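got a sequence here, can you model it:
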Amino acid sequence: MLGDEERAAILASLPLPYSEADTENGRRVFARCRSCHTLPEGGPNMTGPNLWGVFGRQAGSLAGYNYSPALREADFTWTAEQLDSWLNNPRGFLPGNKMAFAGVRDETDRRDLIAWLKVETGYGPET
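Okay, the predicted model is just below:
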């Protein structure tokens, strides 16, 4: 479990605009996601895949999760920018995916959520 200083250091290491995010708001926004996703390392897949280590992972590649064909065949790696586009409009971003969530339309909420996810899912600054 991360301490406040570790969280602050990870947040400070993120590029703009994520380094200026309100991670407490991001945590609140994630409440919309937690019925389908877990975060801890080794956490279970639910309706959606576990999100530990999502940044830098090939889309549709988490072992043990039954992805839609659209995601299994997607040719991208999850970055903050990819996730931002996905969260804005999941169906429009990748037609044929099975995520029923309508998306997070507010740009600030998406920024805060992505920054919070980076802090909480094992992201480490690149060295």
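
measure S13 to Y123 for me?
Separation of S13 from Y123 (C-beta to C-beta, to the nearest Å): 9 Å. For every residue, glycine as well, the C-beta is placed using N, CA and C.

neighbour count winner among the two?
Neighbour comparison, S13 and Y123: the larger count goes to Y123, with 19 against 15 (by other C-beta atoms under 10 Å).

how about that one, what does it touch?
Contact analysis of Y123 by C-beta atoms under 8 Å, 6 or more residues apart in numbering lists I10, F55, G56, L117.

likewise T38?
By C-beta under 8 Å, 6+ apart, the neighbours of T38 are P44, N45, M46, N50, L51, W52.

which residues does the last one contact?
Taking C-beta under 8 Å, 6+ apart as the criterion, W52 is in contact with T38, L39, P40, E41, G42, G43, T121, G122.

for the first one, phi and psi?
The one in question is T38. phi -110, psi 160 (degrees, to the nearest 10).

again with the third one
When quoted as degrees, to the nearest 10, the phi and psi of P40 stand at phi -60, psi 150.

how many neighbours does it have?
Using other C-beta under 10 Å, P40 has 13 other residues around it.

got the confidence number for it?
On pLDDT, P40 comes in at 95.

which helices and strands does the lengthiest helix in the chain pack with?
Secondary structure of the chain read by DSSP state H shows that its longest helix is helix 107-120. Other helices and strands packing on helix 107-120, by 3 or more C-beta pairs under 8 Å, 6 or more residues apart in numbering; DSSP states H and E, are helix 4-13, helix 23-30, helix 80-88.

now it, how far from the chain's geometric center?
Offset of helix 107-120 from its chain centre (C-alpha atoms, centre = their mean, to the nearest Å): 8 Å.

now do that helix, average pLDDT.
In this model, helix 107-120 has a mean pLDDT of 97.
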